[in-house]
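**Q** Starting from these lines, generate the structure:
(one chain, ligands or ions: 1)
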Amino acid sequence: MAGSRTLIGNKIESLFVSFLSEVGSDFKGIFISGGSTGPALFRSLASNNDFMHALSAVAIGQVDERVVPTDCTDSNTYWFYKDLLDQVDICLDFRPILTDEENQELHRCFSGYDVTEEPERTSMALWKEITSLADEAASRYSKFVEDTIENSIVHLGIGTDGHTASLFPRSKSLDSPKLVDVNFDPTGKNRHIRVTLTFEALRRAREVVVVAKGSEKKEVVQRVLTTKESLPASRLLDLKTTWILDREAAALIS
Ligand code: 6PG
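**A** Now for the predicted structure:
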């Protein structure tokens, strides 16, 4: 696996901190994924002074975002604030994908709807309105990514379907030449229209770290790291990637 290496242990938090100490603290940015693993990992690290010192010196970007109001529980920004930014008493340079204005626009788009019902998949008018807003957000965010990515760490999760970031199997952005693109999961299993870093951006990152924990991830970890199935996350094997796995997620490869 060109450039890939695997760290396996009981606690992904300590593995992540030792990974960071190896990488060194002279990076400009860190891009953090959504999902359940990322925010919980960073919440647990909020009490680690060395980590927080390193984090306070860099720009904190998002790997991907669901295009929904940022104060609803389907939003990655919502959990960023709940699990990390609101947990610490230091000022962090968080760079969300969606601006306050876009959040207000999304509240207008979704007013009268239950966002968690994913109305954008049932209303073509809503789909078009949200996609156009997402295109503007992606275009703007790509300028921040272009300036930062080459000296940044990118934290990724991996979905049980083999997606990473919001780069889903058989989705339109897998081969996008853009750094940031609008995407969605054609199967509907992963909710909402997304704005996501692309593999073009991940290729440029200084370091990519994939964190997977729990037994539900053991099959997909094996499919990527051992049988090398052609899944989106398998493309990370060609990059300088560190895989941080707890023993349950690594059960079928170690
Ligand atoms: C998201 C991201 C995603 C996430 C994976 C894995 O959900 O916003 O699309 O890439 O990292 O779904 O999530 P977990 O590792 O937290 O299960």
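
**Q** and the residue of the stretch 151-254 of the chain found nearest the ligand, how many neighbours?
**A** Nearest residue of the stretch 151-254 of the chain to the ligand: Gly157, at 2.5 Å (Cβ to the nearest ligand atom). Where you see a C-beta, it was placed from the backbone N, CA and C, and this is true even at glycine. When neighbours are counted by other Cβ atoms under 10 Å, Gly157 registers 23.

**Q** right, is the worst-scoring helix or strand of the chain on mean pLDDT up against the ligand?
**A** Lowest by mean pLDDT, DSSP states H and E among the helices and strands of the chain is helix 37-45, with a mean of 82. Yes: shown here: helix 37-45 in contact with the ligand (Cβ under 6 Å from any ligand atom) through Thr37, Gly38.

**Q** same for that helix, what does it pack against?
**A** helix 12-23, strand 29-32, helix 76-83, strand 207-212 (3 or more Cβ pairs under 8 Å, 6 or more residues apart in numbering; DSSP states H and E).

**Q** what's the angle from that helix to helix 12-23?
**A** If you take axes from the mean of the first three to the mean of the last three Cα atoms, to 10 degrees, helix 37-45 sits at 80 degrees to helix 12-23.

**Q** before we move on, back to that, local confidence estimate at the residue of the stretch 151-254 of the chain closest to the ligand?
**A** Looking at Gly157, its pLDDT is 97.

**Q** before we move on, what about Met1?
**A** On the pLDDT scale, Met1 gets 45.

**Q** quick check: longest helix of the protein.
**A** Longest helix in the chain, counting residues (DSSP state H): helix 124-148.

**Q** so the helix or strand following that one versus helix 12-23, what angle?
**A** Following helix 124-148 in sequence order, the next helix or strand is strand 152-156 (DSSP states H and E). Relative orientation of strand 152-156 and helix 12-23, computed by the same axes, to 10 degrees: 160 degrees.

**Q** Surely Phe94 is in a helix?
**A** No: assessed with DSSP: H, G, I helix; E, B strand; the rest coil, Phe94 is strand; it does not lie in a helix.

**Q** May I see the buried residues of the longest helix of the chain?
**A** Leu126, Glu129, Ile130, Leu133, Ala134, Ala137, Ala138, Tyr141, Ser142, Phe144, Val145, Thr148 (16 or more other Cβ atoms under 10 Å).

**Q** Distance to the ligand and pLDDT for those residues - can I get that in CSV?
**A** As requested, the buried residues of helix 124-148 are arranged in CSV below (distance: Cβ to the nearest ligand atom, whole Å; pLDDT from 0 to 100):
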residue, distance to the ligand, pLDDT
Leu126, 20, 96
Glu129, 21, 97
Ile130, 16, 98
Leu133, 18, 98
Ala134, 14, 98
Ala137, 15, 98
Ala138, 15, 98
Tyr141, 15, 98
Ser142, 18, 98
Phe144, 18, 98
Val145, 16, 98
Thr148, 19, 97
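
**Q** Make JSON lines out of these and add distance to Cys72.
**A** As requested, the buried residues of helix 124-148 are arranged in JSON lines below (distance: Cβ to Cβ, whole Å):
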{"residue": "Leu126", "distance to Cys72": "15"}
{"residue": "Glu129", "distance to Cys72": "17"}
{"residue": "Ile130", "distance to Cys72": "13"}
{"residue": "Leu133", "distance to Cys72": "15"}
{"residue": "Ala134", "distance to Cys72": "16"}
{"residue": "Ala137", "distance to Cys72": "16"}
{"residue": "Ala138", "distance to Cys72": "20"}
{"residue": "Tyr141", "distance to Cys72": "20"}
{"residue": "Ser142", "distance to Cys72": "25"}
{"residue": "Phe144", "distance to Cys72": "24"}
{"residue": "Val145", "distance to Cys72": "25"}
{"residue": "Thr148", "distance to Cys72": "27"}
